[in-house]
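# Using only what follows, build the 3D model:
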Amino acid sequence: KRMEEFFYGYLEASQKLKISEAYAIFNPTLITSFLNNRSILTSRMTEHSTIFAKQDWRMSSEAKEKQFIYDKYLERCANTGWNDINDDSHVPILLTCHGTDFNIAMAISSTGFAALSALDAGWYGSGVYFTTYAMYAIPYFVSRKDPAALLSFVTPGNVFPTTENHTGPKSLLGKVLKAGYTSHYIGL
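Okay, the predicted model is just below:
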């Protein structure tokens, strides 16, 4: 029941999904890797901020729009209850949703995520896609033969607030991460 309440709390619409099964996965190898990577990222962003904590988007012609998206990101981080966004050395952890097929979800639970670009090139850059809005993930898994949604903790690190249209002249379609950033963040 607690898991359903938590999942439904992330649904922004009144529509409810029927959750028929839920699994709690404990993978010590992936947990250790997550914590080690977060520690390295924290160290890099703190000790080498000019390289790993760039914010050159603030100088772009879309700075106002990007600031709006960045503020949404900070708000999402603050709403978790465990992130201290006022601590410059803190790398936030977000609970996210990733929609897929059950067999793929079980493989991810065993070995972790991999950027395969199986669906498309990636509208907002290549990589693995997560959302803090579970409703947004529904189209990516509901039509699968055996649909599954993974609730997963991620450390976005230094986010690039994305406002680029995937069909526009500054499209990030299929592009690698922006230099100096560890993720692209799209506000919904």
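
# Can you tell me how far the residue nearest the centre of the chain is from K145?
Compute the mean C-alpha point of the chain, and by C-alpha atoms, centre = their mean the closest residue is F130, 3.9 Å away. Counting by C-beta to C-beta, to the nearest Å, the separation of F130 from K145 is 22 Å. Backbone N, C-alpha and C define where each C-beta goes, glycine included.

# before we move on, what about T162?
From T162 to K145 the distance is 31 Å (C-beta to C-beta).

# Could you point out the helix or strand that follows the helix or strand bottoming out on mean pLDDT in the chain?
Lowest on mean pLDDT, DSSP states H and E among the helices and strands of the chain sits helix 2-9, with a mean of 52. Counting by DSSP states H and E, the next helix or strand C-terminal to helix 2-9 is helix 28-47.

# Which positions within that following helix qualify as buried?
L30, F34, R38, L41, T42, R44, M45 (16 or more other C-beta atoms under 10 Å).

# With stretch 165-179 instead?
Here stretch 165-179 shows H166, L172, L173, K175, K178 as buried, counting by 16+ other C-beta under 10 Å.

# Looking at these, which are in helices?
Using DSSP state H, the subset of those located in helices is empty.

# give me the number of residues near the residue nearest to L74 when sequence neighbours are not counted?
Spatial nearest neighbour of L74, chain neighbours left out: I85 (5.3 Å); criterion: C-beta to C-beta, 6 or more residues apart in numbering. Taking other C-beta atoms under 10 Å as the criterion, the count of residues near I85 is 15.
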